[in-house]
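Chemist: quick one: sequence and predicted model below, then my questions.
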2 protein chains.
Amino acid sequence: MEIEMQIKALGERARHAARSLQTVTKAQKTEALRQMADALQKNSAEILAANQKDIEAAREKGTSEALMDRLALTEARITAMAEDMRQVALLPDPVGECIEEMHRPNGLLIKKVRVPMGVVAIIYESRPNVTADAASLCIKTANAVLLKGGSDAIHSNMAITKVLRAALAAAGLPEDAILLVESTDRAAATALMRLRGYVDVLIPRGSGRLIQNVVENATVPVIETGTGNCHVYIDKDADIDMGVSVIVNAKAQRPGVCNAAETLLVHADIAEAFLPAAYQALTAAGVALRGCERTQQIIAVSPAEEADYATEFLDYILAVKVVRDLQEALSHIAKYSTGHSEAIITENAEAAEMFLNGVDAAAVYHNASTRFTDGGMFGFGAEIGISTQKLHARGPMGLRELCTYQYRVHGNGQIR
Amino acid sequence: MEIEMQIKALGERARHAARSLQTVTKAQKTEALRQMADALQKNSAEILAANQKDIEAAREKGTSEALMDRLALTEARITAMAEDMRQVALLPDPVGECIEEMHRPNGLLIKKVRVPMGVVAIIYESRPNVTADAASLCIKTANAVLLKGGSDAIHSNMAITKVLRAALAAAGLPEDAILLVESTDRAAATALMRLRGYVDVLIPRGSGRLIQNVVENATVPVIETGTGNCHVYIDKDADIDMGVSVIVNAKAQRPGVCNAAETLLVHADIAEAFLPAAYQALTAAGVALRGCERTQQIIAVSPAEEADYATEFLDYILAVKVVRDLQEALSHIAKYSTGHSEAIITENAEAAEMFLNGVDAAAVYHNASTRFTDGGMFGFGAEIGISTQKLHARGPMGLRELCTYQYRVHGNGQIR
């Protein structure tokens, strides 16, 4: 109960800060972001010392090298965080944009205006750079942010938020616009998920388990992010070279991310021509293939089990299936897709159209790699995550997706 | 457990129907809506007979006359339902609209296209016309709909959905695009709230208790609707006649709806001039006032308690408070508002601007009644509800708000 009161008190402070931010100007936000970036670099020694504590604790716990690398900060990484913040400062500010204007017959003028969400909560795992990232995107959009990072990074996160809060105050903005939940108790995370009336949206960033936990327990509005069981479908009318190049890129350029491909679907009519070429290129890129029976007749791969098609490997492993036609490809995708990114490779415009209309995913590609589903690649300048739900935002979420809208109605005494 | 399996089976049928609807044309939808409307009228005897069963059951339970009236259907009400459906058929179809086009430096063309949400679930209370309403808005937007009405209206709802499903099939659309949860077991509603992977959005329509129950138990994305503790603030520079006319309209034109005003805030400098005029007009309209101490010094009203300011009366009762200035009005609204609709009456443009920027609600009004927060009044032609959350949709939700979007990316072999 005590932890719930603590979290509620944080919520009240965040809500109060959000209210002050409603009247902040674009220039004030830009200046605050610049000062926040400078402060990160100026106070890097303090941040690195705190990070060292986290690193040592992680080492004692026997944390894997990969996780240690995600946790570790260096002077260069802090500089990169500051540079990202300066980039965000330069991005177009969506707050206050008039999205639509409606003149009603009774003389009312209704403006639909983009406004801040209010209080954004983010629950994430070990990478401390998310702390700076999320804070800068929220300040840019005049939202207050309530951060709950992983316990592994608690000292780093405390140091970073301390520096950022001081910079906010120096720039004349409410320091409570950036708040960190310092308790590493699980009950603190649960209380945050249930902070109705204080949190306008909660964005979990991290493993499937974290997201599942949030979805199960949250009573505040949530945006689900990040699970990507993505497919590349090679149509019978595909350009074979293009198909090979795209599947190698989609699978192997960075296999650990959500927009990497996990299953290759190949039209039966092109399988004998396509699969040997793909096999050679994928194997050269270090990818292990698991294929259906028909695939195994054409190339030397280990058998795929049904479970493989449902798996987000996030690794140099690719499931392969030969399908009878486009319809079977669509059915397979409908069954296994997580609604993230799906691609068709074909020279046939009609097949492309059927695929784009028939796939229910955030991003659908014709003749391009699934790896482009990314805020930077879409031209958003920055992203807070990639939504795999359909409510509010789908795919990469940039600054606009951190806003809501408000109807502002101008009259001269109209009544009903 | 058995009920959960039943609801899951319904979810699978809805999901399957939603997939078929992805390729349906505008003309097919329009024709289906026309046939649905005709079918309602042609089968009115069957619907009225079913409604009679609900009426008799309600009478035996000793249901209040007001609730009985909400439940009762007549030939005229069925005709009105059919007419509404024909109106929806005529509305502009938002599905397939290209919202935005982005040309990327690497040659990718990214189109942001409006697409159906997929499966929409609606949990509502006794009014059977919601069944026809929700079905028509969902068919118009190519969504499958999973309906869970109140147990009081179960026979009416079964008859209406039977007629509508037959009309869908006759028009060549999947009849499972309209599905009714026939179990009146509470566990059925709970299972529907937790139908992850099958329900893309759940919209509760009804009492605060219903909405609270959904928010507490749902694991699927939810849009909260309908709670409106709305304020009208009379600024020191208000036109007194306009202020009186607006507060009478906002309170008394239809007190039982969510966009009706519940509290009147009056600037101290205008209170002595305004309150007597308002008192006379409000009293004449049958409104009972409860005022703060300062109000009681000016007009003969009973005292307001703190709890009155937090109450959505939905009745001919109005809380009144004299505030020192605009800032105190904003603080009061920030404390008690449910984020629905708030109005300022003033001839002072600067005060209006401060109010519109400073109030965090779906709709903010300058010199107009809060009663305009309504899909029809906003020109949306129809509405599925009024959102009081900030995620996805705010205020009146029309056809566009029943859609999501998809990024369609056209390339010629781009890789990262």
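Modeler: Cool, the structure landed. Residues are numbered from 1 along each chain as shown, chains lettered A, B, ... in the order given.

Chemist: please report how far A:A281 lies from B:T225.
Modeler: Using C-beta to C-beta, to the nearest Å, we find A:A281 at a distance of 52 Å from B:T225. The way it works is simple: take the backbone N, C-alpha and C, and place the C-beta from them, glycine included.

Chemist: what about these two, which has more around it?
Modeler: B:T225 (24 against 16; other C-beta atoms under 10 Å in any protein chain shown).

Chemist: and the nearest residue to that one once chain neighbours are set aside, how many neighbours does it have?
Modeler: Once flanking residues are discounted, B:T225 sits nearest to B:G385: 3.9 Å by C-beta to C-beta, 6 or more residues apart in numbering or on different chains. The tally of other residues near B:G385 (other C-beta under 10 Å) stands at 25.

Chemist: ok, now which ones touch B:G385?
Modeler: B:I203, B:R205, B:I223, B:T225, B:G226, B:M397 (C-beta atoms under 8 Å, 6 or more residues apart in numbering or on different chains).

Chemist: give the buried residues for the helix ranked longest in chain A.
Modeler: Longest helix of chain A, by residue count under DSSP state H: helix A:2-21. Buried residues in helix A:2-21, defined by neighbour count with 16 or more other C-beta atoms under 10 Å in any protein chain shown: A:3, A:6-8, A:10-11, A:13-19, A:21.

Chemist: quick one, the helix or strand that comes right after that helix and helix A:2-21 angle?
Modeler: On the C-terminal side of helix A:2-21, the nearest following helix or strand under DSSP states H and E is helix A:26-42. Helix A:26-42 runs at 130 degrees relative to helix A:2-21, counting by axes from the mean of the first three to the mean of the last three C-alpha atoms, to 10 degrees.

Chemist: ranges for the helices of the stretch 251-400 of chain A?
Modeler: A:268-284, A:293-298, A:306-309, A:326-336, A:349-358 (DSSP state H, counting those that start in this stretch).

Chemist: please list which of the buried residues of helix A:2-21 also come close to chain B.
Modeler: By C-beta under 8 Å from any C-beta of the partner chain, the members of the buried residues of helix A:2-21 lying near chain B are A:R19.

Chemist: measure A:R371 to A:V232 for me?
Modeler: 10 Å.

Chemist: need the residues touching each of the two.
Modeler: Contacts common to A:R371 and A:V232, judged by C-beta under 8 Å, 6+ apart, are A:A250.

Chemist: still on that earlier bit, chain B is nearest to which of the helices of the stretch 251-400 of chain A?
Modeler: Ranking these by proximity to chain B (C-beta to the nearest C-beta) places helix A:349-358 first, at 5.1 Å.

Chemist: around chain B, which positions in the stretch 251-400 of chain A sit nearby?
Modeler: A:253, A:334, A:356-358, A:360-369, A:371-373, A:377-379, A:389-392, A:394-395.

Chemist: give me the contact list for the helix or strand of chain A with the lowest mean pLDDT.
Modeler: The helix or strand of chain A with the poorest confidence is helix A:65-71; it has a mean of 87 (mean pLDDT, DSSP states H and E). The contact list for helix A:65-71 (C-beta under 8 Å, 6+ apart) reads A:N51, A:D54, A:I55, A:A58, A:R59, A:T63, A:S126, A:R127, A:P128, A:D152, A:A153, A:S156.

Chemist: got the buried residues for that helix?
Modeler: A:L67, A:R70, A:L71.

Chemist: now the helices of the stretch 251-400 of chain A in JSON lines, with mean pLDDT?
Modeler: JSON lines is the format used below for those (pLDDT from 0 to 100):
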{"stretch": "helix A:268-284", "mean pLDDT": "98"}
{"stretch": "helix A:293-298", "mean pLDDT": "98"}
{"stretch": "helix A:306-309", "mean pLDDT": "97"}
{"stretch": "helix A:326-336", "mean pLDDT": "97"}
{"stretch": "helix A:349-358", "mean pLDDT": "96"}
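
Chemist: and chain B, is the biggest strand by length in chain A touching that?
Modeler: The strand that spans the most residues within chain A, counting by DSSP state E, is strand A:403-414. Yes - applying C-beta under 8 Å from any C-beta, one finds strand A:403-414 touching chain B at A:T404, A:Y405, A:Q406, A:Y407, A:R408, A:V409, A:H410, A:G411, A:N412, A:G413, A:Q414.

Chemist: name the member of these with the most neighbours.
Modeler: Going by other C-beta under 10 Å, A:V409 tops those with 28 neighbours.

Chemist: count of residues packed around the spatially closest residue to it that is not a sequence neighbour?
Modeler: Closest residue to A:V409 apart from its sequence neighbours, by C-beta to C-beta, 6+ apart: B:Y365 at 4.6 Å. Residues lying near B:Y365 (other C-beta under 10 Å) number 33.
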